[in-house]
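Trainee: My questions are about this predicted structure, shown below with the sequence.
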Amino acid sequence: MSVENEPVTEQPIYSRCRTEMKFRGAGSTTTIPIVGQEIEFRQYSCPECGQGTRFEQRGSDEEWSRPTL
């Protein structure tokens, strides 16, 4: 498993550039408006190439992880 797919405990390292990604923002969203589950998210990007990633947490007791498509 690459570093990009592991739960977030601190600033993630982008595996291609071997650079610590920079925190770009955080927030929350609902999966389905009004009745859906609330998801918190954090966004990071690589300062070298601009590639970004998003980590999500569905509950306060869950680990931060990348969303699956």
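Mentor: Structure's in. What do you need? Since this is a predicted model, take the numbers as computed values, not measurements.
Trainee: The residue sitting nearest the centre point of the chain in helix, strand or coil?
Mentor: By CA atoms, centre = their mean, the chain has its centre lying nearest to F55, at 1.6 Å. Under DSSP: H, G, I helix; E, B strand; the rest coil, F55 falls in the strand class.
Trainee: Specify the beta-bridge partners of it.
Mentor: Beta-bridge partners recorded for F55 (DSSP bridges): R42.
Trainee: my read: it touches E63, true?
Mentor: No: here F55 lies out of contact with E63, judged by CB atoms under 8 Å, at a distance of 9.4 Å. C-beta coordinates here come from the backbone N, C-alpha and C atoms, glycine included.
Trainee: that older thread, and the residue nearest to the centre of the chain, what is it in contact with?
Mentor: Residues near F55 by CB atoms under 8 Å, 6 or more residues apart in numbering: P7, V8, P12, F41, R42, Q43, Y44, W64, S65, R66.
Trainee: E40 versus I32, what's the distance?
Mentor: 16 Å (CB to CB, to the nearest Å).
Trainee: For these two, indicate the residue with more neighbours.
Mentor: E40 (16 against 7; other CB atoms under 10 Å).
Trainee: close enough to count as contact, the more buried one and G25?
Mentor: No: under the criterion of CB under 8 Å, E40 makes no contact with G25, lying 11.7 Å away.
Trainee: Please enumerate the strands of the chain.
Mentor: 13-14, 19-20, 22-30, 38-45, 52-57 (DSSP state E).
Trainee: right, so those strands: which one is the most enclosed?
Mentor: Counting by mean count of other CB atoms under 10 Å, strand 13-14 has the highest mean neighbour count of the strands of the chain, with a mean of 18.
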